[in-house]
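# Pasting the sequence and the predicted model now:
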Amino acid sequence: MPRWVTWLLGVVAALLIVVVAAAAALPYLVDTPGIRAYISATATQTLGRPVRFSTASVRVLPLPAVELRDLEVAEDPTFGTAPFLVLDVGHVRLRLLPLLTGRVELGDIVLRKPSVRLVRGADGRLNISTLGTTAEPRQATKPGRAPGGAGAASTVAVARVVVDDGTVVYLDRGKGEDGPQYQLSNVDLTLTGGGTQIAFKGNARLQPGDIRLGLSDGVVALAGARPLTEATLRGTVTIDGKDAGPLAAAVAGPRPELHGAVEGALALGGTVAAPTAAGEIAMSDVTVVQDNPRCPEPTPRTLTIATVKLNLGWQDRRLVGKPATATLAGGTVTTQLTVTLDRRIRVQMADLGITRLPLEKILVDYLCQGYAITGPLELVGALTFDAHDALGTLSGPGRLRVGSGKVVGSQALALFGSVVRLGGAVSSILAADVPSSVLDSPLEFDSITGTYTLANGVATTRDLLYTSRSMKVAIAGTYALVSGRMNLDMTVTHDRGELSAKLTGTAASPKIAVSPASVLRDVDPQKVEKGIRDLLKRFGR
């Protein structure tokens, strides 16, 4: 959010330079062509960019004022050809008594419907960073002398500046020519003071998303002759929006579709060029909608998150939430969140902790996973991923425990059933049946525990253990989250022995190889060999 403050301050600085130049030249307004040239030359030299306007006129009643129409400030060619600033009408009121003594003191400066184009280049710079810079400074030729013999510009004092219904468009070229575009509309801003300190307050609407922003207790402390971008900054930004979904889509893409109300307050710091922010942000009634062809109708599935809270900080294009917490169906997720905004949005979740998260809400209702299980999840670990391809870039270690639940995914049921049936067929042929108790309740379990490591979307485990009343299933190997490709060793241990199998292929089309020796450890090897030949003949019929 502090980026918007940077925009506003840069815009107001540009406008102030133009209107102050106009007011300073008031004593020369008997020569209208001359004063137009003076204002344009002075503003151009100060801003380091060409400044043009159609008319500059003086109004005496009810109070003296200067009116500028159709003002345009050119863009730095490095950032494009469209104008940096366009202003329909600007009114500069002047105090009468100081004017009669040769001094120019400004009353209210009202800038109506200014439109500003802010651009972030591929190198990370904003186009306001080059305001006031020029390779060869030009001297503006004054059309005369102010009454009293002193240049009027040296006696200008600023009272109050009001921006009325402005618009700021922000283009992020750091993410390519088609990078995201944001807009501040209905910008109302008031600046007071002068000299070394300017106070500001105001409000605006951030688009897309129609999020209301409020600025209060704002102060910009100017650093002598240094540029505005080096001025220190403080103030408060309040945030209030009924739906952050359109903004989330502009930042991270349209899928999954996210909605939810957002509110919070941030304390500003840093400088105009490098603002910082810290405070609390909360989202409520968050929904994440994803089309999933694996799901039966309706295929668009919705995950509802009751609350999301961030102890948020912003600095150097990096957002941190320390901590970030979310509640979902009675479960809780906590983490130390870092989001780096660059060409790709990089997410880091350190100290990740999940407590009593009901897996059926995610794996069954939302993802429709073929290997879905139910039960409460407890997890500690860490994750990193790129927002554009979360599953394919997911990395990090972890330890998990799932409490009492069931295996409900159709692919998991089919795979487990195939392993047990094939193992049972081997043992039956050789008169060493797997006990029927193993098959009494194969879907229910007491717990699932294990550790894992994720690397670019591939999970590796050495000690995943499924425990039920009648058996234990140990799994070791790798599983690719996106493709479903697996290379797993499975061992089923029951009262009378154990069954080992090798699982390869994909989750949708697995290949199973059962080790007969694991079923028949105490059987004569010749009998095993004969039994396998008989089994293969039976399967070949």
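Perfect, thanks for sending it. Values in this document were obtained by computation on a predicted structure and should not be read as measured data.

# taking the mean pLDDT, what do you get for the helix or strand hosting residue 289?
Assigned by DSSP states H and E, residue 289 falls within strand 275-291. Average pLDDT, strand 275-291: 90.

# Which pLDDT value goes with residue 204?
Confidence score, pLDDT, at residue 204: 92.

# should've said residue 179
pLDDT, read off for residue 179, is 60.

# Going by contacts, tell me the helices and strands next to the one helix or strand residue 304 maps to.
Assessed by DSSP H and E, residue 304 sits inside strand 300-315. Strand 300-315 sits against strand 257-270, strand 275-291, strand 318-328, with contacts defined as 3 or more CB pairs under 8 Å, 6 or more residues apart in numbering; DSSP states H and E. Yep, even glycine has a C-beta here, placed from its N, CA and C like the rest.

# Just the CA trace of the strand holding residue 289, in CSV.
In CSV, the C-alpha atoms belonging to strand 275-291 read as follows (Å, rounded to 0.1, in the frame of the first residue of the first chain):
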residue,chain,number,x,y,z
PRO,A,275,8.6,3.9,1.6
THR,A,276,8.0,1.3,4.3
ALA,A,277,4.9,0.2,6.1
ALA,A,278,3.9,-1.8,9.1
GLY,A,279,0.6,-2.7,10.7
GLU,A,280,-2.3,-5.1,10.8
ILE,A,281,-4.3,-6.4,7.8
ALA,A,282,-7.3,-8.8,8.2
MET,A,283,-9.5,-10.5,5.6
SER,A,284,-12.8,-12.2,6.4
ASP,A,285,-15.2,-14.6,4.6
VAL,A,286,-12.4,-15.5,2.1
THR,A,287,-13.4,-17.8,-0.7
VAL,A,288,-11.0,-19.5,-3.1
VAL,A,289,-12.8,-20.8,-6.3
GLN,A,290,-11.1,-23.3,-8.7
ASP,A,291,-12.4,-25.2,-11.7
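
# Next, the angle from that strand to strand 300-315.
170 degrees (axes from the mean of the first three to the mean of the last three CA atoms, to 10 degrees).

# hang on, the earlier thing: figure out which of the helices and strands packed on strand 300-315 is closest to residue 497.
strand 318-328 (41.4 Å; CB to CB).

# That closest one: partners in the sheet, and parallel or antiparallel?
strand 300-315 (antiparallel), strand 331-341 (antiparallel) (DSSP bridges).

# Partner strands of the strand holding residue 289, with direction?
When DSSP bridges is applied, strand 275-291 pairs with strand 257-270 (antiparallel), strand 300-315 (antiparallel).

# so how far is the first one from its chain's centroid?
Averaging C-alpha coordinates over strand 257-270 and over its chain gives two centres that are 11 Å apart (CA atoms, centre = their mean, to the nearest Å).

# cool, stretch 226-244 as well?
With CA atoms, centre = their mean, you get 17 Å for stretch 226-244.

# okay, the strands paired with strand 275-291, which one's buried deepest?
Mean neighbour count (mean count of other CB atoms under 10 Å) peaks for strand 257-270 among the strands paired with strand 275-291, with a mean of 19.

# Just put the helices and strands packed on strand 300-315 in a markdown table and tack on distance to residue 113.
Output for those, formatted as a markdown table (distance: least, CB to CB, whole Å):
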| stretch | distance to residue 113 |
| --- | --- |
| strand 257-270 | 26 |
| strand 275-291 | 26 |
| strand 318-328 | 32 |
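
# out of these, nearest to residue 124?
When the helices and strands packed on strand 300-315 are ranked by proximity to residue 124 (CB to CB), strand 318-328 comes first, at 12.4 Å.

# Pull that closest one out as CSV, backbone CA atoms only.
Provided in CSV are the C-alpha atoms of strand 318-328 (Å, rounded to 0.1, in the frame of the first residue of the first chain):
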residue,chain,number,x,y,z
ARG,A,318,8.9,-7.3,-0.1
LEU,A,319,5.8,-8.0,1.9
VAL,A,320,6.1,-9.9,5.2
GLY,A,321,3.5,-11.3,7.5
LYS,A,322,5.1,-12.2,10.8
PRO,A,323,3.0,-13.9,11.8
ALA,A,324,0.3,-14.8,9.3
THR,A,325,-2.6,-16.8,10.6
ALA,A,326,-5.7,-18.3,8.9
THR,A,327,-8.7,-20.3,10.3
LEU,A,328,-10.5,-23.0,8.2
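
# about what we covered before: the strand holding residue 289: how far from the chain's middle?
Worked out by CA atoms, centre = their mean, strand 275-291 lies 9 Å from the chain centre.

# What residues sit buried inside stretch 318-334?
Buried residues in stretch 318-334, counted by 16 or more other CB atoms under 10 Å: 319-321, 324-326, 328-329, 331, 333-334.

# May I see those arranged in a markdown table, with pLDDT as well?
Conversion of the buried residues of stretch 318-334 to a markdown table gives the following (pLDDT from 0 to 100):
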| residue | pLDDT |
| --- | --- |
| 319 | 90 |
| 320 | 93 |
| 321 | 91 |
| 324 | 94 |
| 325 | 95 |
| 326 | 94 |
| 328 | 90 |
| 329 | 87 |
| 331 | 94 |
| 333 | 95 |
| 334 | 96 |
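
# Let's have those in JSON lines, adding distance to residue 262.
Below are the buried residues of stretch 318-334 laid out as JSON lines (distance: CB to CB, whole Å):
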{"residue": "319", "distance to residue 262": "14"}
{"residue": "320", "distance to residue 262": "17"}
{"residue": "321", "distance to residue 262": "13"}
{"residue": "324", "distance to residue 262": "14"}
{"residue": "325", "distance to residue 262": "15"}
{"residue": "326", "distance to residue 262": "14"}
{"residue": "328", "distance to residue 262": "17"}
{"residue": "329", "distance to residue 262": "21"}
{"residue": "331", "distance to residue 262": "22"}
{"residue": "333", "distance to residue 262": "18"}
{"residue": "334", "distance to residue 262": "19"}
